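Asker: What shape does this take:
(chains A and B)
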Amino acid sequence: MRRMLSFSDFDWPLLGMVLLLCTISVFEIYSATMHTKYSGFHTKQIFFIAGGIVAMFLFSKIDYHRLLDLVPWFYGAALLALAAVRIFGHKVLGARRWINFGHFQFQPSEWIKLILILAVARYFANLGGRRLTWTDIGKAFFLVGLPMMLVLIQPDMGTALTYTPILIAGLFLGGINLRQSLVLVVCGTALIAGAWTSGKVLKPYQKARLTSFINPDNDPRGSGYQIRQSLIAVGSGGVWGKGVAKGTQTQGDFLPIPHADFIFAAFGEEHGFVGSFLVLLLYFSILMRLIQNAQTAADLPGSLIIMGVVAVLTFQIAVNVGMVIGFMPVTGIPLPLMSYGGSSVLFTFLALGAAMNVRMRRFVN
Amino acid sequence: MYLGRTDRHEKLSTLKLTVVQYGILVMMLALTAGLWRLQVLGADNFRLLAEQNRVRKEPVLAARGKLFDRENRLVVDNYPSISCFLIREQGHAMDADLPLIARGLDLDLEQLKATLRRYRAAPGYQPVPIKQDITADEQAFVEAHRNEFPELFTIDEERRLYPRDGFASHLIGYVGEVSEEDLNNTRYAAYEPGDVVGKAGVEETYDELLRGTDGSRDVIVDSHGREMGYLRTQHAIPGQDLKLTIDNDLQRAAELALGDRNGAVVAMDPRNGEILALVSRPSFDPNAFAIRISRNEWNKLITDPDHPLMNKALQAQLAPGSTFKILMSVAGLQEGVAQDMKINCSGGWGPYGFFHHCDEKHGAVNIHNAIPYSCDTFFYMLGDKLGIDRISKYATQFGFGQKTGIDLPGEQPGLMPSAQWKLKNYHARWYPDETLDVAIGQGAVEATPLQLARIISGIASGGHMVRPHVVVPEQLPADFRKALDESFPGAGKVDIPIDPENWVTITDGMYDVTQPGYLHTAGSAHLEGIDFGGKTGTAQLMSHEALGKTAKGRSTYPNVWFVGVTPRRNPELVVAVLWQNGEFSYYPARIGAQIVSAYVEKQRRLANNLVPPKTPAPAEVGAVWSMPEPGPASRTHSKTGIQGEQSARIQSGHFFVNPPAAGTRSIESQAGCPILATSFCRGCPILATSFCRKGGKPQTSTARCFSQPACGENKTRAAGPIATWPCAAP
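Answerer: Numbering: from 1, shown residues only, chains lettered A, B, ... in the order given. Okay, the predicted model is just below:
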């Protein structure tokens, strides 16, 4: 029998931590954009967050099992949307990523993350935790690889890369064994090396962006510039930071896009090591809380959904913060819950909504 | 239908989730470690980098010191100008912008690239000057493209403005960007590429004083180079203004007198070595150097066979010709040889098998007419009697073959040959026949116009030799003066005693040169009513025989000289004129005469018509005085006469007193100063005191007791009510 759903089962502590991060984000966006043409973006971000919260609640109301039932349709629609972008897309800076509906811009590649989380969860749940055959693995690759290729040719390498953790998490939790994973790692490495050296897959600017983080001073004017400015921003923040709206790198417009991709650098400059560490701690707590929810989920697909969300968030945090502190190349992956941007905020809240969805139904049946 | 929910006991293994948790923990720790490395360990370094990012050092250029003439008239000024600079540390790919920048600023693209290449070694924050003195249009281009070309910025500076038409250009010199060779020189250790530096003349010698100290300003900029504020401004210290010894009027007279002739003029005060005028021709426009000079213009200047950049007044080393005969006369008379020489000039002399010509058959010649005639035969014989060693001794003593030590760069020493000189340089014995050439200022003798001016005026001053200079030394810092003396060594200031009798003989001879008279070489340069002497000189470019054979299109006219002094003894002015290929020596004599007359006329005008400056105006004074006995009072100082009723004891009158000049008893008139007060000196026959009120403001005046020297002390009082004070005398 079905117990009545109650929002008392909603993960309120998790929502509290999320909203704390969002508050930090709004203040940092305010500080980073106050003297630029982006000033006022913090209010837009507040609307995005509010919208995200509403969407999250609505999303959590729909039973995830029903969502999983519908996933094939979503998946098909996503592929169509990607194809539409390819054909009707609005070209910005050499990439077709958006479809314009009047004032509203639609970027399908963000939504596909969510669909892929559900699709991968469904796929591996259906396998029921048995040992994976190579065919199973091949199907999983195809499932994620098809939309990924379509996003890659937009080209939007950053978003495409965020699909891989979904696949990896699915494979890992779905029951891949050690030998299979070793084979995959070796093949993957060989494939990446081949793609790198062939020079046909990656465009030169992408290559430059991927390598310049290793030694940004080699090309301080070009692709290393962003990394270099980011490192200066974070490093010059010191232990306690320069104070709100006092970051010279941020206020002097040296730091690129300080309200979006490099918001963590702006935050690190103004709030120093202490502030940055607290934010990382907050992220860590959120992720741990999500994993706990996965553990208490009522069934395997629920756990897989939450772990998919964890994988994507973890990947984005690692890549974005890693980029800001010079561990990772510049990929244009936003920091969830902090970077400015409607699509990113909406995706994150929907993903959290999916996790809530699972949690709320942990006692069902 | 989705089937997964059927098996609801299927769960993820806790082990795998734990692995994921630890994985996330490791990632977080790695990120924290990265933050620690940047924000805790590297904070200082990154703070420095952040400062460098946002702070741009802009130079505040110091205005160069102005140059004034001896009467404080402006000679070299500055004018405000705008220069365009380019900063390289912008995080902005500049190479693509360069063609557009070149077009907007009307620059040659290759030249712009070359400029940037030259600065490659300089530190990145140092701005590169790419165009100076930009027009309003170009400035508008820079302002309008702040966002597109954030690397461009402009600064205001003061640029040199020189007199037009090359007025005094060789004396003043010019400025230009410091060259790469100069930067390697220790003298220019403090300079940086792009600095403007004096390149010739006074600009070079006094660069250290003139240039001032550049300031700087730390400007806060954003990543587009837009100025957001200032941190710190260090103001520029302008260079020191310098007062030159030249007299604009005389310089102008000299420039006009020489005209376009290829040569030089030096006018100097022989009493102290102050250069009053210095001209070299052909000339150049120093303003062309103030901004970067174009290659074409430069090539034209350096390939011109007449060497416009050469300061001929101190760099042209040429045979002095007959002007050398003054030195010969000194040597001959001082050695007691010339006094009794009475020769017969028959057009030349040739005791050693080679006949040396004289211009004329002068007939009977002695020392008195040898100078005005410029009789070669006389000086051949005198030279032969003296011998090269004695000639060389005197010539060297008076400064031939040595720099004068003038404070201008590039002075040449000239040359005075001697037996040792020949032995050393040609490994040959001196032939007595060669002495004959030297005796008339030819052969190997070489001198510069400045040298001749110093030597001949020194002789005319009784052996008082001076060190020429173009900047009034009193205004210079002591250590700079000392360094200046050391870096410009020369014959300098010496006194060489000349027997007064000989001195009179020589100066009279020089005086006769410009007197109208048969065979007087510069009779046509005679100036009526001016005590003006001199000596002409004609120096053949080659021997009489070779002349004409090898003309090859170039003028073979001899170089002609004139050195004139006024007055003839202890002169106030010496003028040396060189005209290369001028043919006849009375031409430069006329040039010299023009300059001398310009000088004398100015002096006379000043003496007659203008009140000497800084002499306080005399005041009209009404006075009443007592006369114990009528005797001394008759020695009146009144010009206007005594007014009022005469009395035995008390007299009154009207005076014009010239109060402060101590020891002056003259009373002169001056209008426009009303009488304010008179006072008495008790016990003295006369005392006139004035309190003059000018423009409503009382002035201090001096009361002076005129009649009794014992009481002659000056008493100065501030203006006030009628003052009386006792006289110290009984």
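Asker: What strand or helix carries A:K113?
Answerer: Under the assignment given by DSSP states H and E, the secondary-structure element containing A:K113 is helix A:108-127.
Asker: Just after that helix, pick out the following helix or strand.
Answerer: Moving toward the C-terminus from helix A:108-127, the next helix or strand (DSSP H and E) is helix A:134-152.
Asker: what distance separates that following helix from the centre of its chain?
Answerer: The gap between where helix A:134-152 is centred and where its chain is centred comes out at 19 Å by CA atoms, centre = their mean, to the nearest Å.
Asker: What's the first helix or strand after that helix?
Answerer: Read in the C-terminal direction, the helix or strand following helix A:134-152 is helix A:157-174, with elements assigned using DSSP H and E.
Asker: returning to that earlier point: can you state the direction angle for the helix holding A:K113 and helix A:157-174?
Answerer: If you take axes from the mean of the first three to the mean of the last three CA atoms, to 10 degrees, helix A:108-127 sits at 10 degrees to helix A:157-174.
Asker: give the contact list for the closest residue to chain B within the stretch 151-300 of chain A.
Answerer: Proximity to chain B, evaluated over the stretch 151-300 of chain A using CB to the nearest CB, is greatest for A:G235 at 2.7 Å. All C-beta spots, glycine's among them, are computed from the backbone N, C-alpha and C. Applying CB atoms under 8 Å, 6 or more residues apart in numbering or on different chains to A:G235 gives the contacts B:L38, B:Q39, B:G42, B:A43, B:N45, B:F46, B:R47, B:L49.
Asker: swap in B:D207?
Answerer: B:V197, B:G198.
Asker: In the stretch 51-200 of chain B, mark out all the helices, start to finish.
Answerer: Remark: helices of the stretch 51-200 of chain B, listed N- to C-terminal, are B:98-104, B:109-118, B:136-144, B:169-172, B:180-184; assignment by DSSP state H, counting those that start in this stretch.
Asker: what about stretch B:566-573, how long is it end to end?
Answerer: In terms of CA to CA, to the nearest Å, the two terminal residues of stretch B:566-573 are separated by 5 Å.
Asker: give the contact list for B:N248.
Answerer: When the contact criterion is CB under 8 Å, 6+ apart, the partners of B:N248 are B:D69, B:E71, B:R73, B:V75.
Asker: let's see it at 6 Å
Answerer: Contact criterion CB atoms under 6 Å, 6 or more residues apart in numbering or on different chains gives B:D69, B:R73 as the residues in contact with B:N248.
Asker: Could you report the distance from it to B:R390?
Answerer: Noted for B:N248: a distance of 43 Å to B:R390, by CB to CB, to the nearest Å.
Asker: Tell me who's in contact with A:M148.
Answerer: Counting by CB under 6 Å, 6+ apart, A:M148 touches A:A160, A:Y163.
Asker: hmm, back to that, most tightly packed of the helices of the stretch 51-200 of chain B?
Answerer: Between those, the one whose residues have the most neighbours on average, counting mean count of other CB atoms under 10 Å in any protein chain shown, is helix B:169-172 (a mean of 26).
Asker: so what does that helix touch, helix or strand wise?
Answerer: helix B:201-205 (3 or more CB pairs under 6 Å, 6 or more residues apart in numbering or on different chains; DSSP states H and E).
Asker: coming back round to it: does the residue of the stretch 151-300 of chain A closest to chain B sit in a helix, a strand or a coil?
Answerer: Assigned state for A:G235: helix (three-state reduction, DSSP: H, G, I helix; E, B strand; the rest coil).
Asker: Could I get the pLDDT score of it?
Answerer: Confidence at A:G235, expressed as pLDDT, is 91.
Asker: burial measure for residue 173, as a count.
Answerer: Going with chain A. 25 (other CB atoms under 10 Å in any protein chain shown).
Asker: Sorry, I should have been clearer: chain B.
Answerer: Here the count is done by other CB under 10 Å, and B:G173 has 26 residues near it.
Asker: Ramachandran angles for it?
Answerer: phi 80, psi -160 (degrees, to the nearest 10).
Asker: can you pull the contacts of the residue of chain B found nearest chain A?
Answerer: Nearest residue of chain B to chain A (CB to the nearest CB) works out as B:F46 at 2.7 Å. By CB under 6 Å, 6+ apart, B:F46 lies in contact with A:I232, A:G235, A:S236.
Asker: If we only consider the residues you listed, which is nearest to A:Q295?
Answerer: Comparing these against A:Q295 with CB to CB picks out A:G235 as the nearest, at 38.5 Å.
Asker: From B:V471, how far off is that closest one?
Answerer: Counting by CB to CB, the separation of A:G235 from B:V471 is 55 Å.
Asker: first to last residue in stretch B:351-371, what's the distance?
Answerer: With CA to CA as the measure, the ends of stretch B:351-371 fall 22 Å from one another.
Asker: do the same with stretch A:147-164
Answerer: 11 Å.
Asker: in it, what counts as buried?
Answerer: Applying a neighbour-count criterion of 16 or more other CB atoms under 10 Å in any protein chain shown, the buried positions in stretch A:147-164 are A:147-148, A:150-152, A:154-164.
Asker: can you tell me the average pLDDT over it?
Answerer: In this model, stretch A:147-164 has a mean pLDDT of 84.
Asker: before we move on, what about stretch A:83-102?
Answerer: Mean pLDDT, stretch A:83-102: 70.
Asker: ranges for the helices of chain A?
Answerer: Counting by DSSP state H, one finds helices in chain A at the ranges A:12-33, A:41-61, A:64-88, A:108-127, A:134-152, A:157-174, A:178-198, A:204-212, A:224-237, A:248-251, A:263-296, A:300-324, A:342-360.
Asker: And the stretch 501-650 of chain B, by the same measure?
Answerer: For the stretch 501-650 of chain B, the helices identified by DSSP H, counting those that start in this stretch occupy B:586-609, B:630-633, in order along the chain.
Asker: quick one: the helix holding A:K113 near chain B?
Answerer: Yes: where contact is defined by CB under 6 Å from any CB of the partner chain, part of helix A:108-127 touches chain B, namely A:A125, A:N126.
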